[in-house]
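In: Quick one, fold the following:
(chains A, B, C, D and E)
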Amino acid sequence: MSITPAVRAILANYESDNPGVKANLARILMQGRLGGTGKLIILPVDQGFEHGPARSFAVNPDAYDPHYHYQLAIDAGLSAYAAPLGMIEAGADTFAGQIPTILKVNSSNSWATGVNQAITGGVDDALRLGCSAIGFTIYPGADDVFDMIEEIRELSAEAKSVGIATVIWSYPRGGNLSREGELALDVGAYAAHMAALLGAHIIKVKLPSAHIEQKDAVKAYEGADWSAQSDRVKHVVKSCFNGRRIVVFSGGAAKGEDAVYQDARDIRDGGGNGSIIGRNTFQRKREDAIAMLDKLMRIYKGEE
Amino acid sequence: MSITPAVRAILANYESDNPGVKANLARILMQGRLGGTGKLIILPVDQGFEHGPARSFAVNPDAYDPHYHYQLAIDAGLSAYAAPLGMIEAGADTFAGQIPTILKVNSSNSWATGVNQAITGGVDDALRLGCSAIGFTIYPGADDVFDMIEEIRELSAEAKSVGIATVIWSYPRGGNLSREGELALDVGAYAAHMAALLGAHIIKVKLPSAHIEQKDAVKAYEGADWSAQSDRVKHVVKSCFNGRRIVVFSGGAAKGEDAVYQDARDIRDGGGNGSIIGRNTFQRKREDAIAMLDKLMRIYKGEE
Amino acid sequence: MSITPAVRAILANYESDNPGVKANLARILMQGRLGGTGKLIILPVDQGFEHGPARSFAVNPDAYDPHYHYQLAIDAGLSAYAAPLGMIEAGADTFAGQIPTILKVNSSNSWATGVNQAITGGVDDALRLGCSAIGFTIYPGADDVFDMIEEIRELSAEAKSVGIATVIWSYPRGGNLSREGELALDVGAYAAHMAALLGAHIIKVKLPSAHIEQKDAVKAYEGADWSAQSDRVKHVVKSCFNGRRIVVFSGGAAKGEDAVYQDARDIRDGGGNGSIIGRNTFQRKREDAIAMLDKLMRIYKGEE
Amino acid sequence: MSITPAVRAILANYESDNPGVKANLARILMQGRLGGTGKLIILPVDQGFEHGPARSFAVNPDAYDPHYHYQLAIDAGLSAYAAPLGMIEAGADTFAGQIPTILKVNSSNSWATGVNQAITGGVDDALRLGCSAIGFTIYPGADDVFDMIEEIRELSAEAKSVGIATVIWSYPRGGNLSREGELALDVGAYAAHMAALLGAHIIKVKLPSAHIEQKDAVKAYEGADWSAQSDRVKHVVKSCFNGRRIVVFSGGAAKGEDAVYQDARDIRDGGGNGSIIGRNTFQRKREDAIAMLDKLMRIYKGEE
Amino acid sequence: MSITPAVRAILANYESDNPGVKANLARILMQGRLGGTGKLIILPVDQGFEHGPARSFAVNPDAYDPHYHYQLAIDAGLSAYAAPLGMIEAGADTFAGQIPTILKVNSSNSWATGVNQAITGGVDDALRLGCSAIGFTIYPGADDVFDMIEEIRELSAEAKSVGIATVIWSYPRGGNLSREGELALDVGAYAAHMAALLGAHIIKVKLPSAHIEQKDAVKAYEGADWSAQSDRVKHVVKSCFNGRRIVVFSGGAAKGEDAVYQDARDIRDGGGNGSIIGRNTFQRKREDAIAMLDKLMRIYKGEE
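Out: Residues are numbered from 1 along each chain as shown, chains lettered A, B, ... in the order given. Just a heads-up that it's a prediction; the model follows:
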């Protein structure tokens, strides 16, 4: 595998990482149809934990099978596949070496009575399952966020020491945050910046709205026009060490195809590195999902 | 011991497990009268913890003796015997090698003022006592479920590393769940799926009713007829990685024989792997229990 | 020291224990005037922690000295001496090898604002002080009982691994338990059973009353006559793995001699293994205490 | 250094301790002008933590310098110097070997919103700083006292294993204790006894009043006359294993010289081992403090 | 690098530290334009955590880039650069050896619902990133301050053992402290003293006002005139072991240049060791910041 200049430039930003971590980042960045472009699309399948199996898979029953998702990610030519322990274990041997995997090591569920997640996997699991990275969610704003931060700090330090990369899902939620505030521009940029400060290699956030939540932050956003989503993406990317970290955006709930494509164009135009896209793929028929992903990848390659 | 094709097919689904874990799963699946069929019946005796000795054993006083249960499971030709530390210790030498044992490593009791369990055993105990697996209860829905999940995650990771299998009892309870909801179809399938995601090798759930508890889940269940228990079993099995994990169902409180047999037929017809049946056996006279178990095994073998 | 058949029979019930633990149990069972009979009397002196020094020792000031208790236990020919860390340390060298000691590793005190105990010693302490066992109190029913259970589980596992035996004081208290319930028959049997399930080698409970506390348990006790204390003892012993575990009963607060003797007869007749008797000895004059213990041992030997 | 018979007799009471701990106790008991008498005076300077620097040192500004206290203790001929981490570190090299030091490993402060202390040092610190002992405060009666007990249990076990002695400051406070009760005779004796039970080598308590706090304890104190402070000291000493443990008494807030001398005479006459005296020394001018300490030592030597 | 007498004198106060820690302190004290003078200016950039990226950097967008701050500190000739994990990692290789770095190992954020911080880095991180020190914030007065103290105690002990220095940010906050009290003279001196007692090598506090917060402390401050800021600085320095510890003062929010210069003169005249100055530099244009820092350093060198 010869690393492209685009990928080499990205890797150069990870100044403190050992060759093991860089190799795993390279595996993701060189994988699939976006391999070498510096762009990436990750398939995450942790909705079974978050929403339960029926709400996740009943609309497309083939998706009950963990192999379905591995195969979808591989066949579509995606960059990586992210899932909780059991899902990864269930295909770890069949698909070994075919696509980089990200072990999602914490998860919540629909019944949670607090704003937190449970740790469900560890770095040792990532190593024995051949994963390239661990994935971890923090809820900036939540009462328990300090605990979550301390958990990922320990997991990430351990991961870095054995050459495993770290992906942080940074989702503002809880505490004094309003519902609208969870998607606010200032909040999203702050959440992304926190993930960067915590040492994440790949940062996953939601596409922010133009709303500004924090009174103290209003002044810093005044005088600029935040109506274009691509500008908001650009601000988030800038908040991640001026673009020195890989930032991917989530697609949220299943929605219309055109909206999905427009999001991708905005991410691309704003300098984001790509998408994590789950329900919008595996809740469609396989051929539709593959067609959508094909178009998304062409967008990221600047072909559409 | 030559592994049958049926068992070999089941073991093949455990892609990530080392030969130690697979050997212990094989021991359970090849044991007793159902050995080799892919079906199994487990005798669990943790009711002394949950309900106290008199409520558990006074009706059949021989059952006060830990040896009684070992011998019952062996004589009936069951697949495994599950019990807490003290119960296993009390017969570990006498019955060594005669039946696979599952060390139940957490337990609650009738006086518990919270919805949780105490850890009462560990992987080292399982090793020194020659157990094939550890058993652990989680209460999805409970305020403390994240703690319980983190406990089994650590225990299970340790167990896997030394070749011990993991059985998860997944019993929805507490938090915002209604009493009726604890047995709801969507809840039961979700609970089973969580156990699978947590990396359980064997998943134990209750037989679900046709009730749908979560509003958000109603849509996913609409348009299908869930009145047949075997269809509900099928849904739970599908929720466990499309049948890639062993799923057994509990019998609940002591009840009429016909109901027990009908449950077994539904489990079998829905593709479940078998039963964990406690009070319905040891709270009957020994000869009655053995007769009942004999019939249950014939049902699982398709002979009734 | 040649082990008697009675003791050999008891040791045979500890199927899973290593020779180190069995040797320490044998030391206790072969010690003193009851040595070899399968009966035992233990002198516990943790009242200084529980009630303070003056309430414990002012009535018999010699008892302020830790050596007093060692010497009393030795001179009376008892089976073992149990006390907290400092008390054991203070005579560990002078009396080394003269009587088996049990290190009480948790304690409460009169000012406690919660129903729990503090850990005050460990297995390493037991080893360096030459103790035969650790002693630990659980409060079944208390809000914190799961924590207490997890503490003794860890301590006991460590103790077993280095050949130290475990004694559990199982005292129902707190939570939803009524005062009367703390001494109820169903509660006491349940508490004893829990200790057995937790892997205790020696179980210490209070003599239960004929009261039945739990509604759900009433049915299991109906139809039998529980008015005789010896029958209640028998039920508790049966609840400890049908007599496969050593069960000793505590004497409670200082009371009249006749009551103490009657208790011992009931324990003996019900198949209990003996007494733990503290305040009823060291709060009497030394000669009176020795005379009382002499009579108690004769009762246990069937001589009175 | 030839150990005197008086010190040899004290050391003999520490039956379970290794030569390392005994050597460190001997260093303290053989140090300074009281060396060899079995009496001791310790200079403690942790008031900076408890009350802040200005309240502690402004009255005698030389005392802002950590070297001042080392030098005062040495020049006055005291037995040991006790202080928190930073204070010990700041003179550890200059004064190495000139006076035994006691590392105070927990501390509270004036702003504390709970009745507890923070751990601020450890056994490793004591070793690298050449300390003879660690010092630890417990607050019997406080809601958090079980946590504090478990902390000192672990620290003390570690200390004993590496030859470091343990000093426990036992100060009743919090919970259901009244202000008056904190200094009550029954409470003080109980607190001292608890420290002894926890395995302390040196026990530090306050001089108790004649008040009896606990209703249950009244009977044990009836019939005796507790008006003489020396009798109260005697009772506390008796409560520390009948005098088998070193007990020192604190002087409390700065007060008149005559009161300080009378306290020392009462401690001496009651069989106490000496004083811990802080503010009454370093809040006086150096020459006055040295003169006062000179007189105190003469009192302990029976010369005044 | 030949150590100057001024620096040698400072290092001599760190009596208990190993050559590794002293070497790292020397690196900071010999670095940049103040190198060798015993004065120092540190650039801290943790405002991204505390206030978010836009509030921190929008006013000077180049500052979004972590390299900007490294380069600013180097070009201005400062003594050290302090930042959280991600910020340090992002330039660790490019700027290796060019300026000493301080890894800020805990951080809060604008959404925090309690007065505490999350641990975000460790000593292992400091070692692999070539840092000279760890930085840690405590909030004296806060309900959680005991936890924070125990965290820094452990981190600092580990750091000292591997030759890493410790910087404590001591910021009174929370609990019963009034807003005005956070900056009070008695409170600031107490906070600085606590940091010294905790074993900090470098203590960072805010410039205190002349207000006295604690009633009990009023007497200790009576009779002196605290209106001059330089006298208040002197008191804080005296409270740090009579000047045996390095004390630096923070500049607070961005403010007018003259105020910044006056602060520096007062720090210098009061015997403080220098400034930690963040927002007042990177929120200005680079040339303005460098000019301001130039003047500050001349002030510290006594040239202005």
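
In: all contacts plus neighbour counts: C-alpha atoms, from now on.
Out: Fine.

In: Longest helix in chain A, by number of residues?
Out: helix A:145-161 (DSSP state H).

In: what about it and chain E, any contact?
Out: Yes: judged by C-alpha under 8 Å from any C-alpha of the partner chain, helix A:145-161 comes into contact with chain E through A:Phe146, A:Asp147, A:Ile149, A:Glu150, A:Arg153, A:Ala157.

In: Now do the fourth one against B:Asn176, distance only.
Out: A:Glu150 sits at a distance of 28 Å from B:Asn176 (criterion: C-alpha to C-alpha, to the nearest Å).

In: Show me which of those two is the more surrounded one.
Out: Using other C-alpha atoms under 10 Å in any protein chain shown, the more surrounded residue of A:Glu150 and B:Asn176 is A:Glu150, with 18 against 13.

In: tell me which element A:Ile290 falls in.
Out: helix A:286-300 (DSSP states H and E).

In: ugh, typo on my part, it should be A:His235
Out: Residue-wise, A:His235 maps onto helix A:229-239 under DSSP H and E.

In: starting at the chain centroid, how far to that helix?
Out: Taking C-alpha atoms, centre = their mean, to the nearest Å, one finds helix A:229-239 lying 16 Å from the centre of the chain it belongs to.

In: Average pLDDT for that helix, rounded please.
Out: Taken as a whole, helix A:229-239 has an average pLDDT of 98.

In: contacting residues around it?
Out: A:185, A:188-190, A:192-193, A:207-210, A:226, A:243, A:245, A:247, A:265-272, E:53-54, E:64 (C-alpha atoms under 8 Å, 6 or more residues apart in numbering or on different chains).

In: Most proximal residue of the stretch 201-304 of chain A with respect to chain D?
Out: A:Asp216 (30.0 Å; C-alpha to the nearest C-alpha).

In: And the pLDDT at that residue?
Out: 95.

In: Name the nearest of the residues of helix A:145-161 next to chain E relative to chain B.
Out: Using C-alpha to the nearest C-alpha, A:Asp147 comes nearest to chain B of the residues of helix A:145-161 next to chain E, at 12.9 Å.

In: need the contact list for the closest one.
Out: Listed by C-alpha under 8 Å, 6+ apart, the contact partners of A:Asp147 are E:Ala118.

In: redo that, cut-off 10 Å
Out: A:Asn116, A:Ile138, A:Arg153, E:Gln117, E:Ala118, E:Ile119 (C-alpha atoms under 10 Å, 6 or more residues apart in numbering or on different chains).

In: For those, pick the one with the most neighbours.
Out: Neighbour max across the contacts of A:Asp147 (other C-alpha under 10 Å) = A:Ile138, 27 neighbours.

In: separation between it and chain E?
Out: Look at A:Ile138 and chain E: by C-alpha to the nearest C-alpha, to the nearest Å, they are 12 Å apart.

In: Might one say that that residue is in contact with A:Asn116?
Out: Yes: using C-alpha atoms under 10 Å, A:Ile138 is in contact with A:Asn116, at 8.0 Å.

In: Identify the contacts common to the two.
Out: Applying C-alpha under 10 Å, 6+ apart, one finds that A:Ile138 and A:Asn116 are jointly contacted by A:Asn106, A:Asp144, A:Val145, A:Asp147, A:Met148, A:Arg173.

In: How about the first one: what's its closest non-neighbour residue?
Out: Looking back up the chat, that one is A:Asn106. Nearest residue to A:Asn106 in three dimensions, chain neighbours excluded: A:Ile119, at 4.2 Å (C-alpha to C-alpha, 6 or more residues apart in numbering or on different chains).

In: circling back: quick check: mean pLDDT of whichever helix or strand comes after the helix holding A:His235?
Out: Downstream of helix A:229-239, the first helix or strand assigned by DSSP H and E is strand A:246-250. Strand A:246-250 carries an average pLDDT of 97.

In: what are the pairing partners of strand A:246-250, and which direction each?
Out: strand A:202-206 (parallel), strand A:274-276 (parallel) (DSSP bridges).

In: Adding mean pLDDT as columns, could you present those in a markdown table?
Out: Below are the strands paired with strand A:246-250 laid out as a markdown table (pLDDT from 0 to 100):
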| stretch | mean pLDDT |
| --- | --- |
| strand A:202-206 | 98 |
| strand A:274-276 | 97 |
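
In: nearest to chain E, of the shared contacts of A:Ile138 and A:Asn116?
Out: Nearest to chain E among the shared contacts of A:Ile138 and A:Asn116: A:Asp147, at 7.1 Å, using C-alpha to the nearest C-alpha.

In: Where does the stretch 151-300 of chain A get nearest to chain C, which residue?
Out: A:Glu151 (22.5 Å).

In: That residue is in contact with E:Thr120, isn't it?
Out: Yes: shown here, A:Glu151 and E:Thr120 form a contact pair, counting by C-alpha under 10 Å, at 9.3 Å.

In: is it true that A:Tyr190 touches E:Pro53?
Out: Yes: between A:Tyr190 and E:Pro53 there is a contact at 6.0 Å, judged by C-alpha under 10 Å.

In: Between those two, which is the more surrounded one?
Out: E:Pro53 (31 against 28).

In: Chain C versus that one, what's the distance?
Out: Taking C-alpha to the nearest C-alpha, one finds E:Pro53 at 43 Å from chain C.

In: How about the contacts made by A:Lys104?
Out: A:44-46, A:81-85, A:87-88, A:119-122, A:126, A:133-137, A:167-169.

In: Distance of it relative to chain B?
Out: 11 Å.

In: Low-confidence regions, the stretch 1-150 of chain A specifically.
Out: A:1 (pLDDT under 70).

In: Which residue is it, in it, that comes closest to chain B?
Out: For the stretch 1-150 of chain A, C-alpha to the nearest C-alpha, closest residue to chain B: A:Gly86, 3.9 Å.

In: Are we agreed that that residue is in a helix?
Out: Yes: using DSSP: H, G, I helix; E, B strand; the rest coil, the assignment for A:Gly86 is a helix.
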